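**Student:** only the shape, not the letters, is given here:
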Ligand SMILES: [Zn+2]
């Protein structure tokens with residue numbers, strides 16, 4: 001699954017899927033630090049292998065989002081520092097984010113509009129990059145049934161360099 005997006009740029013053997021503690025169970029959020037993706041207990045028990053049923057496409061997109069943080073980390077980006085900065089700005093709170101104008105019930109760190117932003121991939125933050133990769137994964141699997149399919153050419157344009165060379169460190173967030 002992950003290879004379809006990250007090709008060989010990630011050392012998959014060192015990636016761990018972990019069962020979360022109280023923090024993850026209360027928030028329902030996953031947390032990826034370094035090579036460790038920590039899931040809330042319920043999600044871990046149900047989906048620890050996202051490639052098989054009963055993981056829905058939405059859950060698979062979630063896994064690809066978390067894998068994007070592993071990719072950022074393995075390419076040398078300090079994802080925990082970036083996450084701390086987003087946290088300090090308050091952008092991990094609330095649910096005001098939209099994706100291409102549609103509310104998604106997520107905090108502002110995840111907000112993006114693939115057309116209006118008019119940005120290159122490195123100009124997005126760690127969360128937005130992970131969302132863009134997950135959206136493209138959704139497009140490639142669900143095709144016309146994906147909410148993002150209508151923007152597929154723009155997603156592809158933004159991700160073109162990532163697909164041609166996922167080892168390229170210049171693709172990491174500039175902030
Ligand atoms: Zn994330």
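**Tutor:** Everything's here; your move. For clarity, every value in this text was computed on a predicted model and none was experimentally measured.
**Student:** any chance you could note which residues of the protein sit beside the ion?
**Tutor:** Counting by C-beta under 5 Å from the ion, the residues of the chain close to the ion are 127, 130. For glycine as for every other residue, the C-beta is placed from the backbone atoms N, C-alpha and C.
**Student:** which pLDDT value belongs to the residue in the chain sticking out farthest from the centre?
**Tutor:** No residue in the chain sits farther from the centre than residue 22, which is 22.4 Å out by C-alpha atoms, centre = their mean. Note for residue 22: predicted pLDDT of 80.
**Student:** what are the boundaries of the helices in this protein?
**Tutor:** Residue ranges of the helices in the chain, as given by DSSP state H, are 3-6, 22-27, 41-47, 57-74, 79-89, 126-142, 152-164.
**Student:** tell me which other helices or strands the longest one touches.
**Tutor:** If contacts are counted by 3 or more C-beta pairs under 8 Å, 6 or more residues apart in numbering; DSSP states H and E, helix 57-74 sits against helix 3-6, strand 31-33, strand 36-39, helix 41-47, helix 79-89, helix 126-142.
**Student:** in space, what's closest to residue 83 - neighbours in sequence excluded?
**Tutor:** Closest residue in space to residue 83, ignoring its immediate chain neighbours: residue 126 at 6.8 Å, by C-beta to C-beta, 6 or more residues apart in numbering.
**Student:** again with residue 92
**Tutor:** Nearest residue to residue 92 in three dimensions, chain neighbours excluded: residue 107, at 5.0 Å (C-beta to C-beta, 6+ apart).
**Student:** ends of stretch 13-33, what's the gap?
**Tutor:** End-to-end distance of stretch 13-33 (C-alpha to C-alpha, to the nearest Å): 16 Å.
**Student:** OK, contacts around residue 103?
**Tutor:** 95-97 (C-beta atoms under 8 Å, 6 or more residues apart in numbering).
**Student:** now list the buried members of those residues.
**Tutor:** Among the contacts of residue 103, those classed as buried by 16 or more other C-beta atoms under 10 Å are residue 97.
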